[in-house]
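K.L.:
coords please:
(2 chains)
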Protein chains: 2
Amino acid sequence: MKKEYRIAVVGATGAVGTKMIQMLELSSLPIASVKLLASKRSAGKKLLFKNKEQIVEELVPESFENIDIALFSAGGGISKKFAPEAVKRGAVVVDNTSAFRMDKDVPLVVPEVNEAALKNHNGIIANPNCSTIQMMVALEPLRQAFGLKRVLVSTYQAVSGAGASAIQELKKQLQDMLDGLPKEELTAEILPCGGDKKHYPLAFNALPQIDVFSDQGYTYEEWKMVNETKKIMNDDSLSVSATCVRIPVLSGHSESVYVELGKDNLTVDEIKATLKDAPGLVLQDSPEEQLYPQALNSVGKKETFVGRIRQDLDVTNGFHMWVVSDNLLKGAAWNSVQIAESLHKMGLVKVN
Amino acid sequence: MKKEYRIAVVGATGAVGTKMIQMLELSSLPIASVKLLASKRSAGKKLLFKNKEQIVEELVPESFENIDIALFSAGGGISKKFAPEAVKRGAVVVDNTSAFRMDKDVPLVVPEVNEAALKNHNGIIANPNCSTIQMMVALEPLRQAFGLKRVLVSTYQAVSGAGASAIQELKKQLQDMLDGLPKEELTAEILPCGGDKKHYPLAFNALPQIDVFSDQGYTYEEWKMVNETKKIMNDDSLSVSATCVRIPVLSGHSESVYVELGKDNLTVDEIKATLKDAPGLVLQDSPEEQLYPQALNSVGKKETFVGRIRQDLDVTNGFHMWVVSDNLLKGAAWNSVQIAESLHKMGLVKVN
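P.N.:
Numbering: from 1, shown residues only, chains lettered A, B, ... in the order given. Down below sits the predicted model:
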């Protein structure tokens, strides 16, 4: 009998959830059915899957009866409560929130980097943070070829990572400013972080805060990049520091990444040759042709783009690069679906 | 007799020129008269100086007869041609273009850092690049207190640095996108760099190119930050690398700056104490209160703002910080007027 999966999408009406549905449509995964789950407020809405109307159902524990794979992207609280319910009923969960990422029993997976970690799953697999995933795709080929000692990253992150309402907030602020509203009269209720006390306009601004502040003056988003990188690359000795910044871009995260490699006296050409055919990665690097990755061009694409590769002017094993990807796709929905594809390929989904 | 200066502003109708006029209004400099100069196209326009209407005159060599101080901001070509004409007629020139910055006979000055270099001027003083200036204001106190070994910077630069027409281009693109135009139909004729071959939309984008490309894959803007930093700090052994990026912000440059200091085992509190009362600098750093510098808040302010100060997670003498300033003011017009004030204070302007 041909194996076909019954898939549930939790948070189906959200910014990432709707992309998960699109990515499932494009996926090679054999799919028997797709069940769309969301909060009571969104239940009853209709969405298309492969041109067939699907009614969004309210998420309850029983939603996961007869589900083989459940993709979660409805916030950490929902995942903590409902992912165990899904696992209890025999589903394998791919969770896009930060709820389980640092749990030692939960694999944190970017298929291009550590697909093998899926073998040890106990029902839940975590999808890393968007800003981490794209950096991993660009750095793994260098790590494999030359070894990786140190990473410093400054991000230029899009607002869609903060959800559909944050997108609307930015658009309204921009329209207000274009209509001549003084900047002092702009309103903000969501950004930089829905769960924090103060809110600031993002229109014509750069906000050096994503998620709330944590230890040593770093934000949670910055700690995610540090801790998740070490877990995915399985290397606690790797040096990583991050500065995470939100900019007025709708979708497409950009990153200015500095790396120190384990081998000295490499040339830019050797770096480019290593990145050129790496999985999931597209090299866009030609100063003569003004070719470099751009957030706006990345929208809707599943790949990660890398360019502006330069040797540091002082440190011979240091290189700078510019890494761009659609944060809703490779950064979230596509990586989740890729994990499901890997689970299928490796025979790690049991069909109930 | 009280010394009062006859001042000329070259490029008076431009994005920086109009700010120079405003900064002269606020300046303590004793001013006898202000002559506004621009291209033939702009001649005849009327601008206010201290509520008095001034007619913009066409720039010709004779414009500088009976001028004591000439502030230039009309492009490098204009400076190369007309600055020597001004000097020949006895004026001291403060030039905001890159025309003379790396000339060894021309002081490159940020008054908070190297005011003393003005003593050796030969008629022309260069105003550094906007992105360099604000970084200098933040780093000089650390250099003085602890020594500075290495700087890595990633910039988040506003469009006003590319001139008034680039601002209009961004605004039009944003309005088009808000009105539902597909991104493929956006038009661009100026950014990332007026003088380069290809042009890309900046709306909802981040463009990792400012100025044209130069040696080793770095852009001129990046080389300016490297070379100007070494010249201003008078330290060729200082390690500096830069990644310069334009983002959809109207005014206010932000910078993610990583430094390695000459002293080990410093604390964040020691860094903050050193920066707190530094000239021209405002410390805005309180994670508990979500207080950090923001581009939008810097607009119209003459100071440079610093915050998000954190120790690197792996390198004990490494610190990260977020440096913001209005690129048209401290980055250009205000620094130029400050240089004129320093020349006055030091008795380095001869009144013809």
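K.L.:
which residue sits farthest out from the middle of chain A?
P.N.:
Relative to the centre of chain A, and counting by C-alpha atoms, centre = their mean, the farthest-placed residue is A:G180 at 35.3 Å.
K.L.:
pretty sure that one sits in a helix.
P.N.:
No. A:G180: not assigned to a helix; according to DSSP: H, G, I helix; E, B strand; the rest coil it is coil.
K.L.:
ok, it - contacts?
P.N.:
By C-beta atoms under 8 Å, 6 or more residues apart in numbering or on different chains, A:G180 lies in contact with nothing. (Each C-beta comes from the backbone N, C-alpha and C, glycine too.)
K.L.:
does A:V282 count as helix, strand or coil?
P.N.:
What three-state DSSP gives for A:V282 is strand.
K.L.:
count the neighbours of it for me.
P.N.:
19 (other C-beta atoms under 10 Å in any protein chain shown).
K.L.:
just list whatever residues bridge to it.
P.N.:
Beta-bridge pairing for A:V282 (DSSP bridges): A:F305.
K.L.:
shouldn't it be in contact with A:V306?
P.N.:
Yes. With contact defined as C-beta atoms under 8 Å, A:V282 reaches A:V306; the gap is 7.4 Å.
K.L.:
what helix or strand is the residue nearest to A:V337 when sequence neighbours are not counted on?
P.N.:
Nearest non-adjacent residue to A:V337, counting by C-beta to C-beta, 6 or more residues apart in numbering or on different chains: A:M23, 4.2 Å away. In the assignment (DSSP states H and E), A:M23 maps to helix A:15-26.
K.L.:
now swap in A:R143 and tell me
P.N.:
Using DSSP H and E, A:R143 falls in helix A:130-146.
K.L.:
tell me the buried residues in that helix?
P.N.:
Using 16 or more other C-beta atoms under 10 Å in any protein chain shown as the test for burial, helix A:130-146 gives A:130-143, A:145-146.
K.L.:
tell me the helices and strands packed up against it.
P.N.:
Packing contacts for helix A:130-146, counted by 3 or more C-beta pairs under 8 Å, 6 or more residues apart in numbering or on different chains; DSSP states H and E, involve helix A:111-114, strand A:148-156, helix A:220-232, strand A:253-261, helix A:268-276, strand A:281-283, strand A:304-311, strand A:318-325.
K.L.:
off-centre distance for it?
P.N.:
13 Å (C-alpha atoms, centre = their mean, to the nearest Å).
K.L.:
and it, C-alpha only, in CSV?
P.N.:
C-alpha atoms of helix A:130-146 as CSV (Å, rounded to 0.1, in the frame of the first residue of the first chain):
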residue,chain,number,x,y,z
CYS,A,130,14.1,32.1,11.1
SER,A,131,17.3,34.1,11.5
THR,A,132,19.3,31.1,12.5
ILE,A,133,18.1,28.8,9.7
GLN,A,134,19.3,30.9,6.8
MET,A,135,22.7,31.5,8.5
MET,A,136,23.1,27.7,9.0
VAL,A,137,22.5,27.1,5.3
ALA,A,138,25.3,29.5,4.3
LEU,A,139,27.8,28.5,7.0
GLU,A,140,27.5,24.7,7.0
PRO,A,141,29.4,24.3,3.7
LEU,A,142,32.2,26.4,5.1
ARG,A,143,32.2,24.5,8.3
GLN,A,144,32.5,21.2,6.5
ALA,A,145,35.2,22.4,4.2
PHE,A,146,37.4,24.5,6.5
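K.L.:
and that helix with strand A:304-311, angle?
P.N.:
Going by axes from the mean of the first three to the mean of the last three C-alpha atoms, to 10 degrees, helix A:130-146 is angled at 60 degrees with respect to strand A:304-311.
K.L.:
and the angle for helix A:130-146 with helix A:268-276?
P.N.:
Going by the same axes, to 10 degrees, helix A:130-146 is angled at 120 degrees with respect to helix A:268-276.
K.L.:
residues contacting A:P61?
P.N.:
A:82, A:85, A:89.
K.L.:
was I right to think A:E169 contacts A:L202?
P.N.:
Yes. At 7.5 Å, A:E169 counts as touching A:L202 under the criterion of C-beta under 8 Å.
K.L.:
so what sits against both of the two?
P.N.:
Looking at what touches both A:E169 and A:L202 (by C-beta under 8 Å, 6+ apart), the common residues are A:159, A:188, A:191.
K.L.:
find the nearest non-adjacent residue to the second one, please.
P.N.:
Leaving aside its chain neighbours, A:A188 sits nearest to A:H199 (4.0 Å; criterion: C-beta to C-beta, 6+ apart).
K.L.:
as TSV, the helices and strands packed on helix A:130-146 with distance to B:T316 and mean pLDDT would be great.
P.N.:
TSV is the format used below for those (distance: least, C-beta to C-beta, whole Å; pLDDT from 0 to 100):
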stretch	distance to B:T316	mean pLDDT
helix A:111-114	29	98
strand A:148-156	14	98
helix A:220-232	16	98
strand A:253-261	16	98
helix A:268-276	29	98
strand A:281-283	34	98
strand A:304-311	25	98
strand A:318-325	19	98
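K.L.:
which one of these lies closest to B:A164?
P.N.:
strand A:148-156 (24.7 Å; C-beta to C-beta).
K.L.:
just the CA atoms of the closest one, as CSV, please.
P.N.:
The C-alpha trace of strand A:148-156 is given here as CSV (Å, rounded to 0.1, in the frame of the first residue of the first chain):
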residue,chain,number,x,y,z
LEU,A,148,34.3,27.2,11.8
LYS,A,149,35.7,29.1,14.8
ARG,A,150,33.7,32.2,15.2
VAL,A,151,30.5,33.9,14.0
LEU,A,152,29.4,37.5,14.5
VAL,A,153,26.1,38.5,12.9
SER,A,154,24.1,41.7,12.6
THR,A,155,20.6,41.1,11.2
TYR,A,156,18.2,43.2,9.1
